[in-house]
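**Student:** Prediction below, plus the sequence it came from.
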Amino acid sequence: MRSLKEQIESLYANAKVVAVPGDIALRETSMKVVEEGVKAFQRIDVLVSNAGICPFADFLTMPPETWERTRQVNLDGSFYITQGDHRTAVANQMKNQVPQGGSIIGISSISALVGGEYQCHYTPTKAGILSLMQSCAVALGKYNIRANAVLPGTVETHINKEDLSNAAKREGMVKRTALGRLGAPDDIAGPVVFLASDLAKYVTGAQVLVDGGLFVNLQ
C-alpha cells in the first residue's frame, strides 16, 4: 500500500493521497476508510469499489473457505464500503454532504454474465456487485447519487497472471476477443473516469462492458 501511495504521488505532484490499511472484508475497515477520507477531504464525491480476488478452484473439491473468503472480499466488501453500518458509509456521507450527491462505481466482471468452470465461487460475487449497483441506483437517485457497474473482460493483472501463463489458453482468449488483444488496467480506467465525472451525470444503473468485444464474439 505504501508503494502504491508513493507511485501515485510520483505521477501527480499535487496529489493528496491517504492510505488506510485494513481488510475490506471487514465492516470496520470500510468505516475507517470513510472516516479518514472525510477527515482529509471533507467530502466523498466518488467511490470505486474494486477490491477482488479469484483463486481458481474445482467446484466439487473446493473447500468452503474458498467460497467464504471470495464472497467476503468481493461482495461483502463492496456492500460494506457502500452501506456499511449506515452511519459511517459512503452512501450516507454523499447523502448528507453539501452539495449532495456523488458517484459509486462497482467493478463487476464479464463473469457476472457468463459462467466459468473454475469460477463457481467467483461469478456469483460479480453478479452480486452488478445487482448491488442497480439497486443502489434506484435507492439513492433521490439523493443525486449515481451507481453504475463496470464489467471488465480478460484484463492482465496479478489475479490471472498464473492462468494466462498457459500459452494455449492465452492465445485462445486473444482469438475470442474482437479487438485481438487482452485488456490492460488502463483500458478500465477510462470508463471509470467517465462514470465518475459530470460527463456521466445522467448515467445511473448502467452496466458498462469493457471487454474488447469478448462477450459479443460468440460465433
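**Tutor:** Arrived safely, thanks for sending. Numbers count the residues shown, from 1 in each chain.
**Student:** where are the low-confidence patches of this protein?
**Tutor:** 85-86, 219 (pLDDT under 70).
**Student:** All the strands of it, in order from the start?
**Tutor:** 46-49, 102-107, 145-152, 207-210 (DSSP state E).
**Student:** Can I get those in TSV including mean neighbour count?
**Tutor:** Any C-beta I mention is one placed from the backbone N, CA and C, and that applies to glycine too. Converted to TSV, the strands of the chain look like this (neighbours: other CB atoms under 10 Å):
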stretch	mean neighbour count
strand 46-49	21
strand 102-107	25
strand 145-152	25
strand 207-210	18
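**Student:** Of all the ones you listed, which one is nearest T125?
**Tutor:** strand 102-107 (11.0 Å; CB to CB).
**Student:** Can you dump the C-alpha atoms of the closest one in PDB for me?
**Tutor:** These are the backbone C-alpha positions of strand 102-107, laid out as PDB (Å, rounded to 0.1, in the frame of the first residue of the first chain):
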ATOM      1  CA  GLY A 102     -21.700  11.500  -5.700                       C
ATOM      2  CA  SER A 103     -20.800   8.600  -8.000                       C
ATOM      3  CA  ILE A 104     -20.500   5.000  -6.900                       C
ATOM      4  CA  ILE A 105     -18.800   2.600  -9.300                       C
ATOM      5  CA  GLY A 106     -18.700  -1.100  -8.600                       C
ATOM      6  CA  ILE A 107     -16.100  -3.100 -10.500                       C
END
